[in-house]
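# coords below, sequence missing:
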């Protein structure tokens with residue numbers, strides 16, 4: 001974790017999802033992301049955290065959801081994790097059709113971030129959703145993009 005990382009750990013309960021959204025919005029405004037990107041990332045984080053709230057601790061003792069935002073020069077890395085039952089891997093190539101019960105979360109996440117990786121936690125416990133959103137281009141005084149994307 002870097003000095004500029006933002007971390008939040010909260011009970012896996014739906015009433016705390018708003019807190020996660022507020023943390024994301026506050027952090028991203030400091031990082032030169034514009035409102036459309038902030039809205040996209042709030043949606044992606046809400047979906048990832050919501051999946052943990054909904055699925056991670058079913059039939060077991062309540063646990064926590066951890067959120068970490070790691071700003072890098074060319075991107076923002078977002079990690080949502082839990083220590084619950086864990087997602088069944090590998091994920092199907094074609095996600096199931098959405099229903100009234102849900103099923104759209106991972107598709108939404110994939111559509112609004114630049115990269116997403118979903119893995120099991122240490123020892124096969126829990127789920128880790130690692131998302132990357134590239135930083136918006138920054139224009140210099142000459143109007144050219146000054147974003148360093150050499151590490152992308």
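Nice, thanks for sending it over. If you're wondering where the values come from, they're calculated on a predicted model, not measured in any experiment.
# Can you give me every residue that contacts the spatially most central residue of the chain?
By C-alpha atoms, centre = their mean, the chain has its centre lying nearest to residue 45, at 4.1 Å. Applying C-beta atoms under 8 Å, 6 or more residues apart in numbering, we find residue 45 in contact with 20-21, 24, 67, 78, 80, 131. Using the backbone N, CA and C atoms, a C-beta is placed for each residue, glycine as well.
# Quick check: it is in a strand.
No - assigned with DSSP: H, G, I helix; E, B strand; the rest coil, residue 45 falls outside any strand and is helix.
# State the pLDDT value of it.
As predicted, residue 45 sits at a pLDDT of 97.
# ok, it to residue 36 distance?
Look at residue 45 and residue 36: by C-beta to C-beta, to the nearest Å, they are 15 Å apart.
# Report the buried residues of the helix or strand of the chain with the lowest mean pLDDT.
Lowest on mean pLDDT, DSSP states H and E among the helices and strands of the chain sits helix 105-112, with a mean of 87. Residues of helix 105-112 classed as buried by neighbour count (16 or more other C-beta atoms under 10 Å): 105-106, 108-110, 112.
# Going by distance to residue 71, which of the residues you listed wins?
Proximity of those to residue 71 (C-beta to C-beta) peaks at residue 112, which lies at 17.8 Å.
# residues touching that closest one, list them.
Applying C-beta under 8 Å, 6+ apart, we find residue 112 in contact with 40-41, 43-44.
# Quick check: nearest residue in space to it, chain neighbours excluded?
Closest residue in space to residue 112, ignoring its immediate chain neighbours: residue 40 at 3.9 Å, by C-beta to C-beta, 6 or more residues apart in numbering.
# pretty sure that neighbour is in contact with residue 113, am I right?
Yes - using C-beta atoms under 8 Å, residue 40 is in contact with residue 113, at 7.5 Å.
# ok, those two, which is more surrounded?
More neighbours surround residue 113 than the other of residue 40 and residue 113, with 24 against 18 (other C-beta atoms under 10 Å).
# Many thanks, we can stop here.
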